[in-house]
Every structure is written in C-alpha cells, then in structure tokens.
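# build me a model from this:
(chains A and B)
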Number of protein chains: 2
Amino acid sequence: MAIAKAEDYEIYSLSFQYGQRHSCEIQAAGKVAEKMGVKKHLVICLDFSGIGGSALTADIDVPKGREINMSEQNIPVTYVPARNTIFLSYALSWAEVLEADSIFIGVNAVDYSGYPDCRPEFITAFEQMANLATKAGVEGKFQIKIKTPLIKLTKAEIILKGITLGVDYGITHSCYDPAPGGAACGQCDSCLLRKKGFQKAGVPDPVLYI
Amino acid sequence: MAIAKAEDYEIYSLSFQYGQRHSCEIQAAGKVAEKMGVKKHLVICLDFSGIGGSALTADIDVPKGREINMSEQNIPVTYVPARNTIFLSYALSWAEVLEADSIFIGVNAVDYSGYPDCRPEFITAFEQMANLATKAGVEGKFQIKIKTPLIKLTKAEIILKGITLGVDYGITHSCYDPAPGGAACGQCDSCLLRKKGFQKAGVPDPVLYI
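A predicted model of the protein is given here:
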C-alpha cells in the first residue's frame, strides 16, 4: 500500500474476513488503511465453512517452531485452497466497478513457504484471465494489471522498503495463530519469517510477542 | 448436471447466494441436486454489498421486454462484475479439497447475451490459471479441467438435451426478477431466452409465468 501511495495511486483497499484464526489482521489492515489515507477500505466476508481443508480455517493445528526450508516443495497445511484466486477475483470485481486499472497484491515468492498462488506464473495467468473475464477488457477500455511489487524481495528488503516509505510496523499484524489479546505467537511460519526479516534488516520489530 | 451424471461423475454441486433478486434459484438448484442424487449440495454466501454495479445485486432496474440482439457487443446491466470468475474460484477451492479433477459450469456462449465471462476464451484462460494456482497442479497430481458442455449449444438444443436425459424442467428456475411467490416475469432477458428456447425445441415450458 505504501508503494502504491508513493506511486500516486488513489487507493481503494480490500480485506477479507474468511474465518481465519488471525482475524485481528482485519483490524490491523483497517488501521493501516486509515493511516495511509485510502479512499475506501472494504471488508468482504468469505464463506469457507463448507469447504475446509486448511489449518487457517478448519480444525487443523497451525505448525509451530518448524524449520522452514525455502527450497522444499511441500505445501504447508496453512495453505487455504485457491485463496488468492478468490481474493483476486473479488478485487477484479470491485476494480471493474471502480474502473481501476491496477490491482496490487502483496504476495511474495522468495519467502513464499510453498504456496502455489504466490508465484509469478500464477499472477501472470490470473492477469490474462482477468482481461478476458471483464467488460473493461472486452470493450478494450483499459487493460487490468496485477501488480506485485513485493514478489521478488526478501523479507528483509520488504522491511527496509517500508521503513523508507514511513510504514508504521507497530500497527501491522503477521501471526497465523495469535493469543486472544492479539499478541503474536512467535512460532508459526509467518512469525518466524517476519522475525528473521527484521533481524536481517537490522531493524527492531515493534510488534508484541507472547 | 444431467450431462455430468450421464458421464458417471460423482457430483458435488455448488450454488451461490449473492444477494441476487432471484434467490429462489437457490431452492430450485437444491431440488434439482436432490433429484439427481448428488453427494453434497453446498450453498456459499457471497458478499457483493460493498461492490455493487449490477442490476442483479444493486438498485438498478432489470430490463424488460427488450429486443435481444445476439450480435451486439453491449454488455447488459444484469452483468455482475467478474461473477463467474468468483464462482469458479470457489469451485476450484472446493475441487482441491475434494481432489476433484473436473469442474462443470453451465455457461453458454451462443445465447450469451453479452457476458464476457461466458466465452470459451475466458474458460480456457481460467483453466490455465487454475492449474498454476493449486497444490494439485503444482504437485502434478492431476490437471483440473473446466467443463462447459452447454457452451456452444443453442437454448433449443439445451432443452432437447435435457429432455433426453430426463431433466424435470418444472423444478428449474431462470427468471432474473421473479414475483414474490417465485413465478417468472416472462419479460427479462433470461425469461425471453428460455421461452424462445422451449418454443424452438417444440417442447412446452412447465414453469409458471405471471
């Protein structure tokens, strides 16, 4: 969002409530959106209850303290089936109504921890499909672009980029399985990657860990 | 669904409640699913309230009694932005969990009345994206296929195909703007296309019109 703002985009931001364990990320996103001065922040409720299949939404334990091997091809249980496809489809729908030609998504392929829908080839295929799916594409008004400015950065590079752009990391949230008060667990994949990123960037992480 | 059943697929069916005027189609879909003996019929609630932009979900009138010109390139106000993309994304998510390799969708390009997301090129692009988006595709377990057996049939051919397969059209629903009791309006694009289809097929339409 900070990158889009620095590029002078008028921003409409989108969060998803999908029964995730870490729904406090929605409040955090709202705070960030407000601070960035977005035109509108929309929260869409998704219904994964009948689908299941992920540790983030179903009754499966979130893995803790495991060694994350970036080269491994195993997709973790925290993978939500086709989640980013659904997120981007809603964004596409709203983009059509707003006549917005760019959709930003903060996926990251370097530290991607095995999610197929965070890879550049997925994003490219989605963009091609998007321009065939929509009125704007068919009528030739404009081409929709899926922008992924973080996709090839390391977590440390992302942290530093944000610092440069004035991001307040104290109001952000990353943990998959926070304590009831919202404190991060420090042990899930998401916490481990975040902590490693701050450490490598040489910047203190202002978030509260249990 | 009748075609998938005739091809011996084990069927999991999916309907979407998305604030459409014609939500009685959900009950109709449930009846059809039951009669076809599906393994499970899932209804997913979609949230288009913040997005708007269509006569089917927002406060815009449904056009009535208009001349439908199949060759025109105008996309009608009943088009819901990126709707089929969102439908197919949920189907993809469920297919991953079920390890189902085929997703059937009843889109129709001949009588498509101007919807970009009913065209073969959209379906092909979605299928390519789907195989990059998912665990099954990445791990090479199986390729997901999007099947559109009705895409090139006329409405009359669809009616006759259904008759051959024993479809009970009396429990189906097509109208975009039904009366409170569920009777079809007879004047919206969907009713006009349905009526023309039955007429050309030489089969009586058992549905109740106001």
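# how far away is the residue nearest to residue A:99 when sequence neighbours are not counted from residue A:95?
Of all residues not flanking residue A:99 in the chain, residue A:136 sits nearest, at 7.0 Å (C-beta to C-beta, 6 or more residues apart in numbering or on different chains). Any C-beta I mention is one placed from the backbone N, CA and C, and that applies to glycine too. With the distance defined as C-beta to C-beta, to the nearest Å, residue A:136 ends up 8 Å from residue A:95.
# which neighbours do those two share?
A:101, A:144 (C-beta atoms under 8 Å, 6 or more residues apart in numbering or on different chains).
# give me the more crowded residue out of those two.
With neighbours defined as other C-beta atoms under 10 Å in any protein chain shown, residue A:136 and residue A:95 compare such that residue A:95 has more, 26 against 21.
# hmm, the more buried one is touching residue A:103, no?
Yes: applying C-beta atoms under 8 Å, one finds residue A:95 in contact with residue A:103, separated by 5.6 Å.
# shared neighbours of these two, which are they?
Common neighbours of residue A:95 and residue A:103 (C-beta under 8 Å, 6+ apart) are residue A:144.
# name the nearest residue to residue A:10, ignoring sequence neighbours.
Residue A:10 sits nearest to residue A:39 (C-beta to C-beta, 6+ apart), 5.7 Å away.
# could you pull out the helices for chain A?
A:2-6, A:24-36, A:83-98, A:120-133, A:135-139, A:155-164, A:189-201 (DSSP state H).
# which parts of the longest one are buried?
This points to helix A:83-98. A:83-97 (16 or more other C-beta atoms under 10 Å in any protein chain shown).
# sorry, back to before: least reliable of the helices of chain A by average pLDDT, please.
For the helices of chain A, the weakest mean pLDDT is recorded on helix A:135-139, namely a mean of 76.
# packing partners of that helix?
In terms of contacts (3 or more C-beta pairs under 8 Å, 6 or more residues apart in numbering or on different chains; DSSP states H and E), helix A:135-139 is packed against helix A:120-133.
# relative orientation of the helix it packs on and helix A:83-98 in degrees?
Put simply, helix A:120-133 runs at 40 degrees to helix A:83-98, going by axes from the mean of the first three to the mean of the last three C-alpha atoms, to 10 degrees.
# how many other residues sit next to residue A:1?
With other C-beta under 10 Å as criterion, residue A:1 counts 19.
# actually, residue A:50.
For residue A:50, the tally of surrounding residues (other C-beta under 10 Å) stands at 15.
# is it true that it touches residue B:44?
Yes: when contacts are counted by C-beta under 8 Å, residue A:50 is listed as touching residue B:44 (6.6 Å).
# please tell me how far the most far-flung residue of chain A relative to its centre sits from residue B:116.
What lies farthest from the middle of chain A is residue A:139; by C-alpha atoms, centre = their mean that is 30.3 Å. According to C-beta to C-beta, residue A:139 stands 9 Å off from residue B:116.
# for residue A:174, what are its contacts?
Applying C-beta under 8 Å, 6+ apart to residue A:174 gives the contacts A:25, A:184, A:190-191, A:193-194, A:207.
# scratch that, residue A:96 is what I was asking about
A:134-136, B:53, B:81-82 are the contacts of residue A:96 under C-beta under 8 Å, 6+ apart.
# what does residue A:46 give?
When the contact criterion is C-beta under 8 Å, 6+ apart, the partners of residue A:46 are A:16-19, A:86, B:47.
# rerun at 6 Å
A:16, A:18 (C-beta atoms under 6 Å, 6 or more residues apart in numbering or on different chains).
# just residue A:11 next, same as before
So, once contact is read as C-beta under 6 Å, 6+ apart, residue A:11 ends up touching A:4, A:38.
# now residue A:14
Neighbours of residue A:14 in contact, by C-beta under 6 Å, 6+ apart: A:42, A:91.
# again, 10 Å this time
Contacts for residue A:14 (C-beta atoms under 10 Å, 6 or more residues apart in numbering or on different chains) come out as A:29, A:33, A:38, A:40-44, A:87-88, A:90-91, A:94-95, A:103-105, B:50-51.
# also residue A:129?
Counting by C-beta under 10 Å, 6+ apart, residue A:129 has contacts A:85, A:88-89, A:92, A:137, B:85, B:88, B:117, B:121-130.
# now it. Nearest residue, chain neighbours left out?
residue B:125 (3.9 Å).
# what about that neighbour, how many neighbours?
Neighbour count of residue B:125, defined by other C-beta under 10 Å: 22.
# returning to that earlier point: surely the residue nearest to residue A:99 and residue A:102 touch.
No: using C-beta atoms under 10 Å, residue A:136 is not in contact with residue A:102; the gap is 12.0 Å.
# tell me, what residue is most central in chain A?
Residue closest to the mean C-alpha point of chain A, counted by C-alpha atoms, centre = their mean, is residue A:106 at 4.8 Å.
# ok, now how distant is that one from residue A:133?
Using C-beta to C-beta, one gets 22 Å for the distance from residue A:106 to residue A:133.
# with residue A:2 instead?
Residue A:2 sits 29 Å away from residue A:133, going by C-beta to C-beta.
# the more surrounded of these two?
Counted by other C-beta under 10 Å, residue A:2 and residue A:133 do not tie: residue A:133 has more neighbours, with 33 against 18.
# which residues touch that one?
A:89, A:92-93, A:96, A:126, A:144, B:81-86, B:88, B:115-119, B:121-123, B:125-126.
# what's the answer for residue A:95, then?
Contacts of residue A:95 by C-beta under 10 Å, 6+ apart are A:12, A:14, A:88, A:101-103, A:130, A:134, A:136, A:142, A:144-146, B:51, B:81-82.
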